[in-house]
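K.L.:
sequence first, then the predicted structure:
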Amino acid sequence: MGKIRVAIAGLGNCASSLIQGVEYYSKVGNGHPDRSLGLMHYDLGGYRPSDIEFVAAIDIDRRKVGKPLREAIFAKPNCTKVFCSRVADYPVRVQMGEVLDGVASHMEDHPEERRFVISERKACDVVRLLEKTGADMLVSYMPVGSEKATAFYAEACLRAGIGFINCIPVFIGSDRGWAKRFAERQVPIIGDDVKSQIGATIIHRTLTKLFEDRGVKLDFTYQLNVGGNTDFLNMLNNGRLTSKKISKTEAVQSQLHKPLDKENVHIGPSDYIPWLYDNKVCFLRMEGRGFGHIPIHVELRLSVEDSPNSAGVVIDAVRCCKIARDRGVGGALVSPSSYFMKHPIQQFSDEAARDMVEEFIAGNRER
């Protein structure tokens, strides 16, 4: 089947977990009983984790730029757990990217080991880098609120003619105008805002659908999330959260035949707690009425290591994007986006989206 050549923009915790994961599952032998533990698919359309290789990496932090990829993914301010310390020695050195709106100004008030430290190196020519390395796609792990930076990398993918996977809540893959441009260029895009494997959004969606299917009227709900990684530090700036809150709220509201009034639903990041590091804690509450209008309340606390939780989904998104390229399919990939992302171009229940992805993999569904 050949290799899947991946470029990454933003070498934070999520990128570190993805790269560690590819190495980890590549080392697990075919006969090993745990070879697929933690994966939704070990073999996806003929592609296995060992078929993924990283050919380019872009960041703006001076502790990462110019460094070999295998070193940069463990550099500060990354703080995710290390589950595979020996990563392949890819012939890749991290290139300097355009800063644009990728760094929130309030980070200057925090210690260097917790925040980005901008390199003084000159930004690389991204399109040339993607073409030179023969990348099949670019995975964007820009910080939340990076509207200009995300659009910049989407444009670079269009110019280079390669796939784009947008893991953050900036609306590119779910925007009709962008989707049309990718379709015209026959370039696949999966987005927007990655939905973690077992995360706050997928659980909230599932419980909301359960209420709906079992005849319980959901009246009020909230989801509050706290964490200590750079993502949560970045999100202390409320001005960067508009699309994040829209993405997470619509992901849950889409499971209801009649969405809740805005004042009755609150979903979004709550605060930054440094000592949590990459651990994310979600507090979820749902209030509804069942048979005889008798109240029913659900309280849930979820604690997960944030970055590995998303990497398990992105490893499938990468392979679906490659399948689309193999088949000459461009534009927004509806099936993978609806299953892997919080804010796809079209929402479905997770059960329906999963079936659609399986059809897409099997070749029975174009997108």
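P.N.:
Received, thanks.
K.L.:
chain center to stretch 52-60: distance?
P.N.:
Mean C-alpha position of stretch 52-60 versus that of the full chain (CA atoms, centre = their mean, to the nearest Å) differs by 16 Å.
K.L.:
so in this protein, which helix runs the longest?
P.N.:
The single longest helix within the chain, with elements called by DSSP state H, is helix 306-327.
K.L.:
flag every buried residue along that helix.
P.N.:
Across helix 306-327, burial judged by 16 or more other CB atoms under 10 Å covers 306-325. Every residue, glycine included, has its C-beta placed from N, CA and C.
K.L.:
ditto for stretch 278-293
P.N.:
If you call a residue buried by 16+ other CB under 10 Å, then stretch 278-293 has these buried ones: 278, 279, 280, 281, 282, 284, 286, 287, 288.
K.L.:
lowest average confidence, helix or strand, in this protein?
P.N.:
strand 265-272 (a mean of 90; mean pLDDT, DSSP states H and E).
K.L.:
other SSEs contacting the helix or strand following that one?
P.N.:
Elements were assigned by DSSP states H and E; along the chain past strand 265-272, the next helix or strand is strand 279-289. Based on contacts counted as 3 or more CB pairs under 8 Å, 6 or more residues apart in numbering; DSSP states H and E, the elements that strand 279-289 packs against are helix 200-213, strand 217-227, strand 295-305, helix 306-327.
K.L.:
quick one: low-confidence ranges for the protein?
P.N.:
Within the chain, the segments meeting pLDDT under 70 span 29-31.
K.L.:
just the helices in it please.
P.N.:
In the chain, the helices defined using DSSP H lie at 13-27, 69-72, 126-133, 147-160, 176-184, 200-213, 230-234, 242-253, 306-327, 334-340, 350-362.
K.L.:
tell me the angle the longest one makes with strand 217-227.
P.N.:
The reference is to helix 306-327. 100 degrees (axes from the mean of the first three to the mean of the last three CA atoms, to 10 degrees).
K.L.:
deepest in the core, which of the helices of the chain is it.
P.N.:
For those, ranked by mean neighbour count under the definition mean count of other CB atoms under 10 Å, the leader is helix 334-340 at a mean of 27.
K.L.:
what is that one packed up against?
P.N.:
Using 3+ CB pairs under 8 Å, 6+ apart: helix 334-340 touches strand 188-190, helix 306-327, helix 350-362.
K.L.:
quick one: it to chain centroid distance?
P.N.:
12 Å.
K.L.:
what sits up against the least confident helix or strand of the chain?
P.N.:
204, 220-228, 232-233, 235-236, 241, 244-245, 248-249, 252-253, 283 (CB atoms under 8 Å, 6 or more residues apart in numbering).
K.L.:
thinking residue 347 is in contact with residue 250, fair?
P.N.:
Yes. In this structure residue 347 lies within contact range of residue 250 using CB atoms under 8 Å: 7.2 Å.
K.L.:
show me the contacts for the nearest residue to residue 311 once chain neighbours are set aside.
P.N.:
The spatially closest residue to residue 311, leaving aside those adjacent along the chain, is residue 17, at 3.9 Å (CB to CB, 6 or more residues apart in numbering). Contacts were defined as CB under 8 Å, 6+ apart; by that measure residue 17 touches 80, 307, 308, 310, 311.
K.L.:
distance to residue 270 added to those, as JSON lines?
P.N.:
Converted to JSON lines, the contacts of residue 17 look like this (distance: CB to CB, whole Å):
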{"residue": "80", "distance to residue 270": "20"}
{"residue": "307", "distance to residue 270": "19"}
{"residue": "308", "distance to residue 270": "22"}
{"residue": "310", "distance to residue 270": "19"}
{"residue": "311", "distance to residue 270": "23"}
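K.L.:
from those residues, which is closest to residue 215?
P.N.:
Distance to residue 215 across the contacts of residue 17 (CB to CB) is lowest for residue 310, with 33.2 Å.
K.L.:
could you export the helices and strands packed on strand 279-289 as CSV, including distance to residue 186?
P.N.:
Formatted as CSV, the entries for these read as follows, by distance: least, CB to CB, whole Å:
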stretch, distance to residue 186
helix 200-213, 31
strand 217-227, 38
strand 295-305, 37
helix 306-327, 9
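K.L.:
now the strands: where do they sit in the stretch 51-200 of the chain?
P.N.:
If DSSP state E, counting those that start in this stretch is used as the criterion, the strands of the stretch 51-200 of the chain fall at 52-59, 95-96, 137-140, 163-166, 188-190.
K.L.:
who does the third one pair up with?
P.N.:
Here strand 137-140 is paired, per DSSP bridges, with strand 4-9 (parallel), strand 163-166 (parallel).
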